[in-house]
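Visitor: Can you look at this prediction? I've put the sequence above it.
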Amino acid sequence: MPRIVAVCSSPDKGTRKKNIGAGTLIPDSGLAGDAHAGPWHRQVSLLALESIQKMRDLGLDVNPGDFGENLTTEGIDLPRLPLGTKLQLGTEAVGEVTQIGKECHTRCAIYYQAGDCIMPREGIFVKVLRGGPVKVGDQVSVVAEGEPQ
């Protein structure tokens, strides 16, 4: 069963996030206390541990949160989820996929270290439709399919 392996936050944009273990998703905002929370379409970012492993396989010492993601997951193919897909995150929260990948306007530390970064291709973003607590070990599941691309 797909699950959350890290809940990450940072007080500033453009920095690596720290695994805080648990947090609260706020409707129409994002992860409480995170710099990226707010009333826009990229409220919460998700990246799969399997994607992080690709960078580890290149010899990098990287961990959940290092790519700026809020939720690190395991066991779900995030970049293949269609826009509009609704995800149950933990026992109460629901997010809707609003963006797959992103354009990096400035190169992050990971890019300079490895010559590549996976977040622009394999990270996804959701808008929080229903809030609630999330913690390491919580399940992630698709509750409604989005529109095929």
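Guide: Yep, it's here. Numbers count the residues shown, from 1 in each chain.

Visitor: which helix in the protein runs the most residues?
Guide: Taking DSSP state H as the criterion, the chain has its longest helix at helix 49-57.

Visitor: Could you look up the next helix or strand downstream of that helix?
Guide: Following helix 49-57 in sequence order, the next helix or strand is strand 71-74 (DSSP states H and E).

Visitor: Now do the next helix or strand after that following strand: everything it contacts.
Guide: Using DSSP H and E, the next helix or strand after strand 71-74 towards the C-terminus is strand 86-89. For strand 86-89, the external contacting residues (Cβ atoms under 8 Å, 6 or more residues apart in numbering) are 4, 25, 71, 81, 94-97, 126, 129, 132, 134, 138-144, 146. From N, CA and C alone the C-beta is placed, and that goes for glycine too.

Visitor: Separate out the buried members of those.
Guide: Buried members of these, counted by 16 or more other Cβ atoms under 10 Å: 4, 25, 71, 81, 94-97, 126, 132, 134, 138, 140, 146.

Visitor: want to throw these into a markdown table with secondary structure and distance to Glu50?
Guide: Listed next are the buried ones among the contacts of strand 86-89 as a markdown table, based on DSSP: H, G, I helix; E, B strand; the rest coil; distance: Cβ to Cβ, whole Å:
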| residue | secondary structure | distance to Glu50 |
| --- | --- | --- |
| Ile4 | strand | 14 |
| Leu25 | strand | 22 |
| Leu71 | strand | 14 |
| Leu81 | coil | 14 |
| Val94 | strand | 23 |
| Gly95 | strand | 19 |
| Glu96 | strand | 22 |
| Val97 | strand | 17 |
| Val126 | strand | 18 |
| Gly132 | strand | 25 |
| Val134 | strand | 19 |
| Asp138 | coil | 18 |
| Val140 | strand | 13 |
| Gly146 | coil | 21 |
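
Visitor: In terms of helices and strands, where is the spatially most central residue of the chain?
Guide: What sits nearest the mean C-alpha location of the chain, by Cα atoms, centre = their mean, is Leu46, with 1.3 Å. If you go by DSSP H and E, Leu46 is part of strand 44-48.

Visitor: mean confidence score for that strand?
Guide: Strand 44-48 shows a mean pLDDT of 96.

Visitor: now do stretch 93-104
Guide: 86.
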